[in-house]
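In: Mind looking at a prediction? Sequence and model below.
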Amino acid sequence: MTLQNIINHFKSFLVKRVLKPNIMAKLSVEDKLIITEIGLPNKILDFQFTNDLQFKSKSELIIGKTYNKQDILLIIESGNIVKDEDNCFLAKSLKNLILQLYTYDYLWKVIIPEAKFGNYRENYNHKKYAQFLENELLKIDPYLLENDNKYFWGSMIEDIEFGIVG
């Protein structure tokens, strides 16, 4: 998957932000590029990225919220992305989060509708789609499921594996 694939896939869901100087000074070059030049995808899973990025503390930047109002935080020192209230690990970097969201969204909008592994609801094919998602996520971050302290990604894979969603 290339950056251009991601940009083409998310299209109007990518929203570029203007960063305040105090925030620019704290972010990595990669994070600044993603936020200002590529954009963050809104309305993927339950994530709504904010237009007004602000610090929650000296080490935590609020980049968005979930639909149930949990902050999505970029931890400045580590680059990790977490959900605030329960410190739920989402990704080891902003780039990885975008790649992971793309992978999940691409599965539901392209791979499953095109029946790449057969009809989702027939012959336990949902297990093949779950395995595909897991494999693709682990290509992005081989330690994702080990770091998945609140079983965020694991539960999504499991829900697909058992045919609960879709």
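Out: The structure has been received and is ready for your questions.
In: what element comes up after the longest strand anywhere in the chain heading to the C-terminus?
Out: Ordering each strand of the chain by length in residues (DSSP state E) puts strand 47-57 first. Moving toward the C-terminus from strand 47-57, the next helix or strand (DSSP states H and E) is strand 60-66.
In: That following strand: partners in the sheet, and parallel or antiparallel?
Out: When pairing is defined by DSSP bridges, strand 60-66 lines up against strand 47-57 (antiparallel), strand 71-75 (antiparallel).
In: related to what we said a few turns ago, average model confidence for the longest strand of the chain?
Out: Per-region confidence: strand 47-57 scores 93 on mean pLDDT.
In: Would you mark the buried spots in stretch 111-120?
Out: I111, I112, F117, Y120 (16 or more other C-beta atoms under 10 Å). C-beta coordinates here come from the backbone N, C-alpha and C atoms, glycine included.
In: Could you do stretch 122-131 as well?
Out: N125, H126, K128, Y129, A130.
In: helix, strand or coil for G79?
Out: coil (DSSP: H, G, I helix; E, B strand; the rest coil).
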